[in-house]
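> structure for the following, please:
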Amino acid sequence: MGWISEALARGRCFSIELWPPRTPASEQRLEEVLADLAPLHPTFASITYGAGGSTRERTHDLVVRLQREGAITPMAHLVCAAHSRSELTDILTRYREEGVDNVLALRGDPPLDSDQDLAAGELAHAIELAELAKQVGPFCVAVAAHPEGHPEAPDIASDRRRLAQKMEVADFAITQFFFSKDDYWRLVDDLAALGVDKPVIPGIMPITNVRTLTRMAELSGAKVPESIAERVEAVADRPDEVRRIGVEVALELASELLADQVPGLHLYTMNQSAATLEIARELGLAR
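As a prediction, this is how the structure comes out:
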C-alpha cells in the first residue's frame, strides 16, 4: 500500500484512528464503523495499542486484516514500554513479513505491575523504537507530537527539542488532540526553528462524551477551553447535544486548519462513525 509519507508528499491527507476490539460487542461495533468509514477512503487508519501492551495481538490482527483487505492503509501503533527489544523486533518482523509499511512509534505506559529498572540495551523512549523500526524495516515511521507540550516534559522548550530529535529519525508526526489552531502552529514554528520541516498532521477529537473528554485531556495534557467545557457540560445528560456541539467545535477548528494549508487531518474516532462522517462530508474530505 505504500508509505504514508509518500501520500503526504502528493497532497493533503485525511486519516482516522481506530481501537482493536476487546469484546464481541466492541467487535460488532468496529465492523459497523469500518463499513461506515471505508467509503470515505481515508488515506490511512492508525490502530491503537492498549496500555501495557494489552491489545498486542488484537492490534496485530486488525492491522494485518486491513493490510490484506486493501481498502484502508493501516498504521500500527507500537509501544516500547511494554516489551523487550527482542519482542519489539519480533513484532516488527511479523509486520514486515505481512507487507505492513507504516508504524507509529510510541513510548507508551508500562504494565501496572512493572517496577523494575530497564536492563542494558532495552528501549526506554520512542526515539529508540523509531530507530529500531528503521533497522528492521523498511518502515515509514510516525511519532506523536503534543502541541501544548507532553504532560511529563519539564517545559515546552525541552519537549520541542525531544520531538525534533524524534523527527530526525521519523518520517512525520501526528499531534495529540487540541482545540486552538495557534497551539498547532506554535508547535510547527518551534520545530522549524529547530530545523524540522517534516509533516506534522493535526489530530482532532470530536467531543462525543463529556467523561471521555475529561479523561483523555488528563492523560494527554491537552487543555479544554473553558468556553467549550461549559457548553458540553451544560448538556452532559443529552448525548445528541454533546455530539452536536462536539462536531461544531471540531468543524470550526478543522476549517481553520485546512484554510491554513495543513498537510492533513487525523480524526480520533473513538470507534464511533457518526461525528467523523459528518465532519468529513462537511469539509469535503471524502474521496
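> for the longest helix that the chain contains, packing partners?
Once the chain is assigned using DSSP state H, the helix that runs over the most residues is helix 239-259. When contacts are defined as 3 or more C-beta pairs under 8 Å, 6 or more residues apart in numbering; DSSP states H and E, helix 239-259 packs onto helix 181-193, strand 200-204, helix 226-233, strand 264-268, helix 274-283. All C-beta spots, glycine's among them, are computed from the backbone N, C-alpha and C.
> looking at the ones you listed, which is nearest to Phe44?
Closest approach to Phe44 among these (C-beta to C-beta): strand 264-268, 8.9 Å.
> tilt between that closest one and helix 239-259?
160 degrees (axes from the mean of the first three to the mean of the last three C-alpha atoms, to 10 degrees).
> can you list the strands that strand 264-268 pairs with?
Strand 264-268 pairs in its sheet with strand 13-18 (parallel), strand 200-204 (parallel), by DSSP bridges.
> just the endpoints, please. Distance across stretch 213-230?
Its start and end residues considered, stretch 213-230 measures 13 Å (C-alpha to C-alpha, to the nearest Å).
> cool, stretch 256-269 as well?
Its first and final residues considered, stretch 256-269 spans 20 Å by C-alpha to C-alpha.
> avg pLDDT for the longest helix of the chain?
Average pLDDT, helix 239-259: 96.
> can you give me the helices for the stretch 101-250 of the chain?
126-136, 156-169, 181-193, 210-220, 226-233, 239-259 (DSSP state H, counting those that start in this stretch).
> show me the contacts for Leu191.
Contact criterion C-beta atoms under 8 Å, 6 or more residues apart in numbering gives Arg160, Leu163, Ala164, Met167, Asp197, Val200 as the residues in contact with Leu191.
> find the nearest non-adjacent residue to the fourth one, please.
Spatial nearest neighbour of Met167, chain neighbours left out: Val196 (4.9 Å); criterion: C-beta to C-beta, 6 or more residues apart in numbering.
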